[in-house]
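heads up, no residue letters with this:
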(Lines give C-alpha, C1' and ligand atoms only; values in the text may rest on other atoms or scores of the structure.)
Protein backbone atom coordinates (compact mmCIF):
# COMPACT_ATOMS: atom_id res chain seq x y z
CA UNK A 1 0.00 0.00 0.00
CA UNK A 2 1.27 3.45 -0.95
CA UNK A 3 -0.24 6.79 0.01
CA UNK A 4 -0.43 9.93 -2.15
CA UNK A 5 -1.40 12.99 -0.14
CA UNK A 6 -2.89 15.89 -2.10
CA UNK A 7 -2.52 19.17 -0.28
CA UNK A 8 -3.02 22.77 -1.30
CA UNK A 9 -5.41 25.64 -0.97
CA UNK A 10 -9.09 25.35 -1.83
CA UNK A 11 -10.01 25.32 -5.53
CA UNK A 12 -6.59 24.31 -6.82
CA UNK A 13 -7.75 21.08 -8.45
CA UNK A 14 -6.99 18.48 -5.75
CA UNK A 15 -10.28 16.63 -6.08
CA UNK A 16 -10.19 16.66 -9.86
CA UNK A 17 -6.66 15.20 -9.77
CA UNK A 18 -7.66 12.58 -7.18
CA UNK A 19 -10.61 11.45 -9.29
CA UNK A 20 -8.45 11.27 -12.41
CA UNK A 21 -5.79 9.21 -10.61
CA UNK A 22 -8.48 6.83 -9.38
CA UNK A 23 -9.79 6.30 -12.92
CA UNK A 24 -6.35 5.91 -14.50
CA UNK A 25 -4.62 3.83 -11.81
CA UNK A 26 -7.29 2.16 -9.70
CA UNK A 27 -6.18 4.08 -6.63
CA UNK A 28 -8.71 4.34 -3.84
CA UNK A 29 -9.62 7.97 -3.03
CA UNK A 30 -10.45 9.19 0.46
CA UNK A 31 -11.70 12.77 0.65
CA UNK A 32 -10.53 14.24 3.94
CA UNK A 33 -13.49 16.65 4.13
CA UNK A 34 -15.94 13.76 3.79
CA UNK A 35 -14.23 11.86 6.63
CA UNK A 36 -14.22 14.94 8.87
CA UNK A 37 -17.85 15.77 8.02
CA UNK A 38 -18.93 12.25 8.98
CA UNK A 39 -17.10 12.58 12.31
CA UNK A 40 -18.94 15.87 12.96
CA UNK A 41 -22.28 14.26 12.17
CA UNK A 42 -21.41 11.25 14.36
CA UNK A 43 -21.23 13.48 17.45
CA UNK A 44 -24.69 14.91 16.87
CA UNK A 45 -24.34 17.89 14.55
CA UNK A 46 -27.46 18.22 12.42
CA UNK A 47 -25.57 19.25 9.28
CA UNK A 48 -22.60 21.19 8.00
CA UNK A 49 -23.72 24.51 6.47
CA UNK A 50 -21.13 24.58 3.67
CA UNK A 51 -17.92 22.81 2.71
CA UNK A 52 -15.58 25.48 4.07
CA UNK A 53 -17.17 25.09 7.52
CA UNK A 54 -16.04 21.47 7.92
CA UNK A 55 -12.52 22.23 9.16
CA UNK A 56 -13.51 24.77 11.83
CA UNK A 57 -16.46 22.62 13.02
CA UNK A 58 -14.25 19.54 13.22
CA UNK A 59 -11.58 21.36 15.23
CA UNK A 60 -14.23 22.61 17.67
CA UNK A 61 -15.04 18.98 18.48
CA UNK A 62 -11.75 17.10 18.06
CA UNK A 63 -8.02 17.70 18.48
CA UNK A 64 -6.13 18.21 15.18
CA UNK A 65 -4.38 14.85 15.62
CA UNK A 66 -7.75 13.10 15.17
CA UNK A 67 -7.73 13.79 11.40
CA UNK A 68 -4.87 11.37 10.74
CA UNK A 69 -6.38 8.75 13.07
CA UNK A 70 -9.66 8.81 11.13
CA UNK A 71 -7.86 8.67 7.79
CA UNK A 72 -5.71 5.72 8.82
CA UNK A 73 -8.83 3.85 9.94
CA UNK A 74 -10.49 4.58 6.56
CA UNK A 75 -7.68 3.13 4.44
CA UNK A 76 -8.62 -0.15 2.75
CA UNK A 77 -6.10 -2.90 3.33
CA UNK A 78 -6.06 -4.02 -0.30
CA UNK A 79 -5.01 -2.30 -3.51
CA UNK A 80 -1.78 -0.66 -4.58
CA UNK A 81 -2.45 2.90 -3.45
CA UNK A 82 -4.67 5.41 -1.74
CA UNK A 83 -5.04 9.08 -2.62
CA UNK A 84 -5.88 11.29 0.36
CA UNK A 85 -7.68 14.24 -1.18
CA UNK A 86 -7.36 17.61 0.56
CA UNK A 87 -5.08 17.26 3.57
CA UNK A 88 -4.87 20.81 4.92
CA UNK A 89 -2.99 20.51 8.25
CA UNK A 90 0.78 20.25 8.60
CA UNK A 91 0.33 18.04 11.68
CA UNK A 92 -1.68 15.55 9.62
CA UNK A 93 1.04 15.40 6.95
CA UNK A 94 3.67 14.78 9.64
CA UNK A 95 1.56 12.00 11.16
CA UNK A 96 1.03 10.39 7.74
CA UNK A 97 4.79 10.33 7.18
CA UNK A 98 5.02 8.10 10.30
CA UNK A 99 2.40 5.60 9.08
CA UNK A 100 3.56 2.07 8.17
CA UNK A 101 2.97 2.88 4.48
CA UNK A 102 5.23 4.80 2.10
CA UNK A 103 3.73 8.24 1.51
CA UNK A 104 4.39 11.14 -0.81
CA UNK A 105 2.96 14.63 -0.25
CA UNK A 106 2.01 16.70 -3.26
CA UNK A 107 1.18 20.37 -3.17
CA UNK A 108 -1.40 21.23 -5.84
CA UNK A 109 -0.98 24.88 -6.80
CA UNK A 110 -2.78 27.31 -9.08
CA UNK A 111 -2.31 31.06 -9.63
CA UNK A 112 -4.22 32.99 -6.95
CA UNK A 113 -6.47 34.84 -9.40
CA UNK A 114 -7.68 31.58 -10.94
CA UNK A 115 -8.21 30.08 -7.49
CA UNK A 116 -10.34 33.01 -6.29
CA UNK A 117 -12.37 32.94 -9.51
CA UNK A 118 -13.06 29.22 -9.01
CA UNK A 119 -14.01 29.69 -5.36
CA UNK A 120 -16.35 32.57 -6.15
CA UNK A 121 -18.01 30.57 -8.94
CA UNK A 122 -18.33 27.51 -6.69
CA UNK A 123 -20.01 29.55 -3.96
CA UNK A 124 -22.30 31.61 -6.19
CA UNK A 125 -23.40 28.41 -7.94
CA UNK A 126 -24.32 27.13 -4.47
CA UNK A 127 -26.48 30.20 -3.88
CA UNK A 128 -24.15 32.41 -1.84
CA UNK A 129 -24.21 36.15 -2.41
CA UNK A 130 -23.41 39.39 -0.63
CA UNK A 131 -22.29 38.97 2.98
CA UNK A 132 -22.74 35.20 2.89
CA UNK A 133 -20.35 35.00 -0.04
CA UNK A 134 -17.75 37.17 1.69
CA UNK A 135 -18.03 35.11 4.88
CA UNK A 136 -17.66 31.82 3.00
CA UNK A 137 -14.63 33.14 1.10
CA UNK A 138 -13.03 34.09 4.44
CA UNK A 139 -13.74 30.59 5.78
CA UNK A 140 -12.00 29.07 2.76
CA UNK A 141 -8.92 31.12 3.65
CA UNK A 142 -8.73 29.88 7.25
CA UNK A 143 -6.21 27.15 6.47
CA UNK A 144 -4.06 29.10 4.00
CA UNK A 145 -1.23 29.48 6.53
CA UNK A 146 -1.29 25.70 7.13
CA UNK A 147 -1.15 25.14 3.38
CA UNK A 148 1.91 27.40 3.23
CA UNK A 149 3.64 25.27 5.89
CA UNK A 150 2.83 22.07 4.01
CA UNK A 151 4.00 23.56 0.72
CA UNK A 152 7.42 24.22 2.23
CA UNK A 153 7.84 20.55 3.15
CA UNK A 154 6.02 18.73 0.36
CA UNK A 155 7.73 16.26 -1.93
CA UNK A 156 6.28 17.45 -5.26
CA UNK A 157 4.40 20.50 -6.52
CA UNK A 158 1.86 19.90 -9.27
CA UNK A 159 1.12 23.23 -10.98
CA UNK A 160 -2.42 23.65 -12.24
CA UNK A 161 -2.35 26.68 -14.48
CA UNK A 162 -2.38 25.14 -17.90
CA UNK A 163 -5.09 23.08 -19.52
CA UNK A 164 -6.87 20.38 -17.55
CA UNK A 165 -5.28 17.74 -19.80
CA UNK A 166 -1.78 19.04 -19.07
CA UNK A 167 -2.50 19.26 -15.35
CA UNK A 168 -3.80 15.71 -14.96
CA UNK A 169 -1.02 14.40 -17.21
CA UNK A 170 1.54 15.97 -14.84
CA UNK A 171 -0.19 14.29 -11.92
CA UNK A 172 -0.31 10.91 -13.64
CA UNK A 173 3.38 11.15 -14.61
CA UNK A 174 4.36 12.05 -11.04
CA UNK A 175 2.28 9.14 -9.72
CA UNK A 176 3.81 6.62 -12.13
CA UNK A 177 7.34 7.89 -11.47
CA UNK A 178 6.81 7.54 -7.74
CA UNK A 179 5.32 4.04 -8.04
CA UNK A 180 8.19 2.89 -10.29
CA UNK A 181 10.86 4.35 -8.00
CA UNK A 182 9.32 2.53 -5.05
CA UNK A 183 9.64 -0.91 -6.68
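Ah, there it is. As the structure is a prediction and not an experimental result, all values here were calculated from the model. Numbers count the residues shown, from 1 in each chain.

where's the residue most central in space within the chain relative to residue 174, distance?
Most central in the chain under C-alpha atoms, centre = their mean is residue 86, positioned 0.6 Å from the mean C-alpha point. Counting by C-beta to C-beta, to the nearest Å, the gap between residue 86 and residue 174 amounts to 17 Å. No exception for glycine: its C-beta is placed from N, CA and C like everyone else's.

next one: phi and psi at residue 6?
With angles defined as degrees, to the nearest 10, residue 6 sits at phi -100, psi 120.

likewise for residue 12?
phi -100, psi -10.

OK, contacts around it?
Residue 12 makes contacts with 108-110, 115, 160, as judged by C-beta atoms under 8 Å, 6 or more residues apart in numbering.

and if you look at residue 45?
Neighbouring residues of residue 45 by C-beta under 8 Å, 6+ apart: 57, 61.

what's the separation between it and residue 37?
Counting by C-beta to C-beta, the gap from residue 45 to residue 37 is 9 Å.

let me see the contact set for the residue nearest to residue 6 when sequence neighbours are not counted.
Spatial nearest neighbour of residue 6, excluding adjacent residues (C-beta to C-beta, 6 or more residues apart in numbering): residue 14 at 4.3 Å. Counting by C-beta under 8 Å, 6+ apart, residue 14 makes contact with 6-8, 85-86, 108.

per-residue pLDDT, the residue lying farthest from the centre of the chain?
Most distant residue from the mean C-alpha position of the chain: residue 130, 27.2 Å away (C-alpha atoms, centre = their mean). With respect to pLDDT, residue 130 scores 84.

equivalent analysis for residue 127, please.
Looking at residue 127, the pLDDT reads 87.

same deal with residue 159?
At residue 159, the predicted lDDT confidence score is 84.

could you check how far it is from residue 51?
24 Å.

could you do residue 11 as well?
11 Å.

higher neighbour count, the two?
Taking other C-beta atoms under 10 Å, residue 11 and residue 51 do not tie; residue 11 has more neighbours (20 against 17).
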